[in-house]
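J.: I need the structure of the sequence given here:
(one chain, ligands or ions: 1)
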Amino acid sequence: MGCIELSLFIGFKYASINKIAVASDYEAQYYLGISTLFAYMSYINMSSSLSYDVIIIGAGIVGLACAERLSSSGAKVLVIERHPGFGNETSSRNSEVIHAGIYYPQNSLKAILCVDGNRKIYVWCEKYRIPHYRIGKFIVAVNKDESERLENIYQNGIANGVQGLKRSPIENFRKEEPHINAHSVLWSGSTGIVDSHKLMASLEYLAIECGCDFAYNHSVEQIKPISSGYEVVSTDTHGNKSSATAGIIINSAGLDSDSVAEMAGINADKTGYRLHYCKGHYFKITPSKSHIANHLIYPVPNDKLHSLGIHITCELDGSLKLGPDSQYLATRQQDYSISGEAHRKFYQAAAEYINGLEYDDITPGLAGIRPKLQTEGGGFRDFVIAEESGKGLPGLINLIGIESPGLTCCLTIADYVFGLLR
Ligand SMILES: Cc1cc2nc3c(=O)[nH]c(=O)nc-3n(C[C@H](O)[C@H](O)[C@H](O)COP(=O)(O)OP(=O)(O)OC[C@H]3O[C@@H](n4cnc5c(N)ncnc54)[C@H](O)[C@@H]3O)c2cc1C
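T.: Got it, this is the predicted structure:
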């Protein structure tokens, strides 16, 4: 489909981003099987007569997926990112799990996009040789009460159309996972793990192949509605201001997507777009204990679905990690430190269902921050993926609250956004 079919591609106004970083990634080319190497990072000077069909704010996995989807459909796309490269925030600080879509309420965007996204990620990974492994996961109930909740989770997953979800006989489980305590378990055969960095590299590479420009080291500070769309003003790391225009703006700014929506004139509090930061810590399990789990092992999550509980994730290199927990932050600082208190909490949570794990078997790993619409103690909130004509801002697409399963959904979110523009 060509860009002329996108009825909202109306923005043709002159822009003046001075330096655009066109980044390509060696690994992406390697995994795509392409031998010609671009320079790792090259800069081109843009003339002052440049305009775009689409400007995407944020080069996390969702912004990159949108960039690939739209530029491969013929649109002239610019991605503006404040860091020197892609995936420097939440997209590099997560479990890298390809979720199946089990827990989310029926007909929610999270459920629909995750079930479809799960399938699409595997196809993508096969096609572009992105390291991944359909390892499967057990959800483990440790008592009768949790077993009842597990049955509800099973029914929900089936209603969501999850593939490969089964009640698993406890005897089989004990053979498969002799170090894990369980009263009853569910097996999710379509859950897997992926190298998210290489997935992002493939998206960036393919977008560049389709002519997409990347303005790294540019922080967006203003979005001004103009007659033909929007003017986006950004500042680079030297404090120089530049601007570009487009008929369509995609706000995929992750932890700052509510602030970016406000730049366009939206009141985040009144519209329910205000984000709350919810931190998740990880602990690495010492290599000598990497035999304690052979699959992903998840506890039964709490009813409010703030997180899926402190689980065991297998990495592609065979190592194991524990996490993430869920801790709402009082401020909006991106604080990724890990305290000694977290160590005790993790050990206690893990010891509930893992046999033979000692306190010193776990050491601090990374931390990530969820951009949550859900308040602490509040009810379920779905992704916001909205074209804002109704707010007097035609062509502005807001992607807000793209927490888990956002990585799994990246390709389907991009398809959904494409659908909104047709
Ligand atoms: C602890 C944790 C575990 C998770 N585990 C999983 C999992 O196992 N599976 C799964 O499917 N999902 C998981 N997720 C969710 C997943 O990581 C996110 O949904 C996904 O990474 C979101 O991608 P994004 O592109 O929307 O945001 P981001 O990766 O945050 O990218 C947004 C980008 O916007 C840029 N930006 C922001 N403001 C500006 C500005 N003003 N100007 C320029 N650039 C700007 C930022 O620098 C950033 O690079 C997890 C998340 C967390 C926190």
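J.: let me see the contact set for the residue of the stretch 151-300 of the chain with the smallest separation from the ligand.
T.: Nearest residue of the stretch 151-300 of the chain to the ligand (CB to the nearest ligand atom) works out as residue 254 at 2.3 Å. Backbone N, C-alpha and C define where each C-beta goes, glycine included. If a contact means CB atoms under 8 Å, 6 or more residues apart in numbering, then residue 254 has 58, 60, 62, 89, 90, 91, 371, 402 as its contacts.
J.: could you list every residue that touches the fifth one?
T.: Just to be clear, that refers to residue 90. 60, 254, 255, 368, 369, 370, 371, 403, 406.
J.: which strands and helices lie in contact with the strand or helix carrying residue 119?
T.: Per DSSP states H and E, residue 119 falls inside helix 109-128. Under the contact criterion of 3 or more CB pairs under 8 Å, 6 or more residues apart in numbering; DSSP states H and E, helix 109-128 touches strand 97-98, strand 132-133, strand 192-194, helix 196-209, helix 410-421.
J.: quick one on the thing from earlier: okay if I get the contacts of residue 90 as TSV plus pLDDT?
T.: TSV is the format used below for the contacts of residue 90 (pLDDT from 0 to 100):
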residue	pLDDT
60	98
254	98
255	98
368	98
369	98
370	97
371	98
403	98
406	98
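J.: buried set for stretch 143-163?
T.: 146, 150, 153, 154, 156, 157, 160, 162 (16 or more other CB atoms under 10 Å).
J.: farthest-apart pair in these, please.
T.: Farthest-apart pair in those is 146 and 160; separation 20.2 Å (CB to CB).
J.: helix or strand: which one has residue 151?
T.: Using DSSP H and E, residue 151 falls in helix 144-160.
J.: dump that helix to PDB, restricted to CA.
T.: This file holds the C-alpha atoms of helix 144-160, laid out as PDB (Å, rounded to 0.1, in the frame of the first residue of the first chain):
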ATOM      1  CA  LYS A 144      -5.900 -23.900  47.000                       C
ATOM      2  CA  ASP A 145      -6.900 -20.200  46.900                       C
ATOM      3  CA  GLU A 146      -4.500 -19.500  44.100                       C
ATOM      4  CA  SER A 147      -5.600 -22.600  42.300                       C
ATOM      5  CA  GLU A 148      -9.100 -21.100  42.100                       C
ATOM      6  CA  ARG A 149      -7.700 -17.900  40.700                       C
ATOM      7  CA  LEU A 150      -5.700 -19.900  38.200                       C
ATOM      8  CA  GLU A 151      -8.800 -21.500  36.900                       C
ATOM      9  CA  ASN A 152     -10.200 -18.000  36.200                       C
ATOM     10  CA  ILE A 153      -7.000 -17.100  34.500                       C
ATOM     11  CA  TYR A 154      -7.300 -20.200  32.300                       C
ATOM     12  CA  GLN A 155     -10.900 -19.300  31.300                       C
ATOM     13  CA  ASN A 156      -9.900 -15.700  30.500                       C
ATOM     14  CA  GLY A 157      -7.000 -16.900  28.400                       C
ATOM     15  CA  ILE A 158      -9.200 -19.300  26.400                       C
ATOM     16  CA  ALA A 159     -11.800 -16.500  25.900                       C
ATOM     17  CA  ASN A 160      -9.000 -14.200  24.600                       C
END
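J.: ramachandran angles for the nearest residue in space to residue 131 that is not next to it in sequence?
T.: In this structure, residue 131 finds its nearest non-sequential neighbour in residue 195, 4.2 Å apart by CB to CB, 6 or more residues apart in numbering. The phi and psi values for residue 195, taken as degrees, to the nearest 10, are phi -80, psi 100.
J.: just checking, residue 195 touches residue 316?
T.: Yes. With contacts counted by CB atoms under 8 Å, residue 195 reaches residue 316, the gap being 5.9 Å.
J.: can you tell if stretch 358-365 touches the ligand?
T.: No. Contact of stretch 358-365 with the ligand (CB under 6 Å from any ligand atom) is absent, the minimum separation being 10.8 Å.
J.: let me see the mean pLDDT of that stretch.
T.: The predicted model gives stretch 358-365 an average pLDDT of 95.
J.: got the end-to-end distance for that stretch?
T.: End-to-end distance for stretch 358-365: 17 Å, by CA to CA, to the nearest Å.
J.: in the stretch 51-200 of the chain, which residue sits nearest the ligand?
T.: For the stretch 51-200 of the chain, CB to the nearest ligand atom, closest residue to the ligand: residue 60, 2.1 Å.
J.: verify the stated contact: that residue with residue 89.
T.: Yes. With contact defined as CB under 8 Å, residue 60 and residue 89 form a contacting pair (6.2 Å).
J.: between those two, who's got more neighbours?
T.: The neighbour comparison of residue 60 against residue 89 (other CB atoms under 10 Å) goes to residue 60, with 27 against 22.
J.: quick check: closest non-adjacent residue to that one.
T.: In space, residue 60 is closest to residue 91, 4.1 Å off (CB to CB, 6+ apart).
J.: now swap in residue 334 and tell me
T.: residue 369 (6.1 Å).
J.: helices along the stretch 251-400 of the chain, start to end?
T.: Under the criterion DSSP state H, counting those that start in this stretch, helices of the stretch 251-400 of the chain are mapped to 257-263, 268-271, 340-351.
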